[in-house]
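In: Provide a 3D model corresponding to the input given below.
(one chain, ligands or ions: 1)
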Amino acid sequence: DKGNHRHFMEKEIHEQPEVIGHTLAHYLDFVGGKTKDIALPFDFAKLDRLYISACGTAYLAGSIAKYWFERYARLAVDIDIASEFRYREMPLSPNSAALFISQSGETADTLASLRYCRSAGVPIAAVVNVQESTIARESDAIFPTLAGPEIGVASTKAFTCQLSVLASLAIRAAVERGFVSPERERELVRELSETPRFASAALKLDRQIEKLARELAQVKHVLYLGRDTSFPLAMEGALKLKEISYIHAEGYAAGELKHGPIALIDESMPVIVIAPHDRIFDKTVSNMQEVAARGGKIILITDTEGARRATIDALETIILPTVPELIAPIVYAVPIQMLAYFTAVFMGTDVDQPRNLAKSVTVE
Ligand code: F6R
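Out: Numbers count the residues shown, from 1 in each chain. Predicted coordinates:
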């Protein structure tokens, strides 16, 4: 049932504050300001490596989680596309664990990667939305996302719930590995607890984003740029746009611009820059200047401070609330999803059932 929404995708985008809240509450004790004790098939304190593999949007959630595990828990992460990992014959460290991320829990390549790790004797955990799935059954532990059934083929609420689980796990790992004091843990848990409120605020930008989408629906190519956790989010923005609007889009690390993609820049290709005001914001501003100098049109998704500091022409800005660094990718996912959604609506595509795509990819 779509309720009063035109598409399941729109409904699922709007459910996010609620389902993110449910998911976080499963892993975090908001009142006590602590991560909950979770049963694990390995000891975070003894790991020297975590292997994450997944496909599509779930892979991009894992790519964001790499920054979190490495930054907060000082745990090195290898992130792989499952269809590559399964055939790569990678040597696995004896002090490692493997984490698989899958909404459906049935993705063939992700399952094959899991079985590769199983045969190597590595402990296995999975972040899944469907708890009675094959991947869930074959894992030693599951970390559920409590997103509820996701009907739209383009993943939205499952993605932000995956991020919510992964952020909670990264903080838990940081605690167990001794890199986070009880005070810092309390602060990070409080920051996470505010995600639903910020996601709701982001949803209120729908009218502005719909207007922008009307213009985006006229173009042939779009480039998304970001640094740090905004880099995988840029790839997620591009993936979402191409799969439902069929507009060609690419996501790049902003610092890679001058190593090739800058050759594409002209007036006809909008550049969407995802850049909360953080410690590397100024680096992203210089990339935007490079784009503007070549006549490129920029759509900047940032916060108040970022908008104040980015003094560049040809700029359209989407201003989100100022959020803690940890939760920025979860909050910034919302305008990215809405932009793809409204663009697809203007293009008149079948938003919930885009051509050539299936919700669950059970063949390789
Ligand atoms: C993108 C999308 C796909 C899936 C991918 C993995 O919007 O939905 O890229 O994320 O097929 O699917 P799961 O998570 O079910 O393993």
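In: in stretch 259-271, what's buried?
Out: Going by neighbour count (16 or more other CB atoms under 10 Å), the buried part of stretch 259-271 is 261, 262, 265, 269, 270, 271. Backbone N, C-alpha and C define where each C-beta goes, glycine included.
In: Just flag the most distant two among the residues you listed.
Out: When the buried residues of stretch 259-271 are compared pair by pair using CB to CB, the two farthest from each other are 262 and 270, 14.6 Å apart.
In: so which of the buried residues of stretch 259-271 are also by the ligand?
Out: Taking CB under 6 Å from any ligand atom as the test, the ligand is in contact with none of these.
In: Look up the pLDDT of residue 111 for me, please.
Out: Among the per-residue scores, residue 111 shows a pLDDT of 98.
In: who in the protein is up against the ligand?
Out: When proximity is defined by CB under 6 Å from any ligand atom, the chain lies next to the ligand at 55-58, 102-104, 107, 110, 154-155, 239, 243, 360-361.
In: of the residues you listed, buried ones?
Out: If you count burial by 16+ other CB under 10 Å, the buried members of the residues of the chain next to the ligand come out as 55-58, 102-104, 107, 110, 154-155, 239, 243, 361.
In: Among those, name the ones in helices.
Out: When those are checked against helices (DSSP state H), the matches are 56, 57, 58, 110, 239, 243.
In: Go through the helix or strand hosting residue 286 and flag the buried ones.
Out: Under the criterion DSSP states H and E, the helix or strand holding residue 286 is helix 281-293. Of the residues in helix 281-293, those with enough neighbours to count as buried (16+ other CB under 10 Å) are 281, 284, 285, 287, 288, 290, 291, 292.
In: Pick the one among those residues closest to the ligand.
Out: Checking these against the ligand by CB to the nearest ligand atom gives residue 284 as the nearest, at 25.1 Å.
In: For the closest one, which non-adjacent residue is spatially closest?
Out: Of all residues not flanking residue 284 in the chain, residue 275 sits nearest, at 4.4 Å (CB to CB, 6 or more residues apart in numbering).
In: List the contacts of that neighbour.
Out: When contacts are counted by CB atoms under 8 Å, 6 or more residues apart in numbering, residue 275 is found next to 226, 227, 230, 254, 281, 284, 285, 300, 301, 302, 306, 310.
In: Looks like the third one contacts residue 274 (just checking).
Out: Yes: the pair formed by residue 230 and residue 274 meets the contact definition of CB atoms under 8 Å, at 4.2 Å.
In: list residues touching both of the two?
Out: Listed contacts common to residue 230 and residue 274 are residue 332; contacts here mean CB under 8 Å, 6+ apart.
In: what's the neighbour count on the spatially closest residue to residue 179 that is not a sequence neighbour?
Out: With CB to CB, 6+ apart as the criterion, residue 179 has its nearest non-adjacent residue at 5.3 Å, and that residue is residue 74. Neighbour count for residue 74, taken as other CB atoms under 10 Å: 12.
In: what's the offset of stretch 355-364 from the middle of its chain?
Out: In terms of CA atoms, centre = their mean, to the nearest Å, the centre of stretch 355-364 is found 20 Å from the chain centre.
In: Okay, buried residues for it please.
Out: By neighbour count with 16+ other CB under 10 Å, stretch 355-364 contains the buried residues residue 361.
In: For that stretch, the averaged confidence score.
Out: Along stretch 355-364, the predicted confidence averages to a pLDDT of 88.
In: What are the contacting residues of it?
Out: Around stretch 355-364, the neighbours that count as contacts under CB under 8 Å, 6+ apart are 55, 83, 104, 106-109, 112, 150-151, 153, 243, 246, 349.
In: Most widely separated two among those?
Out: Checked with CB to CB, these reach their widest spread between 112 and 349, with 31.2 Å between them.
In: and of the buried ones among the residues of the chain next to the ligand, the nearest to the ligand?
Out: Distance ranking of those against the ligand, using CB to the nearest ligand atom, places residue 56 first at 1.9 Å.
In: can you pull the contacts of that closest one?
Out: For residue 56, the residues meeting the contact criterion (CB under 8 Å, 6+ apart) are 155, 239.
In: Go again with 7 Å.
Out: By CB atoms under 7 Å, 6 or more residues apart in numbering, the residues touching residue 56 are residue 239.
In: How about the one 3 residues further on?
Out: Residues near residue 59 by CB under 7 Å, 6+ apart: residue 81.
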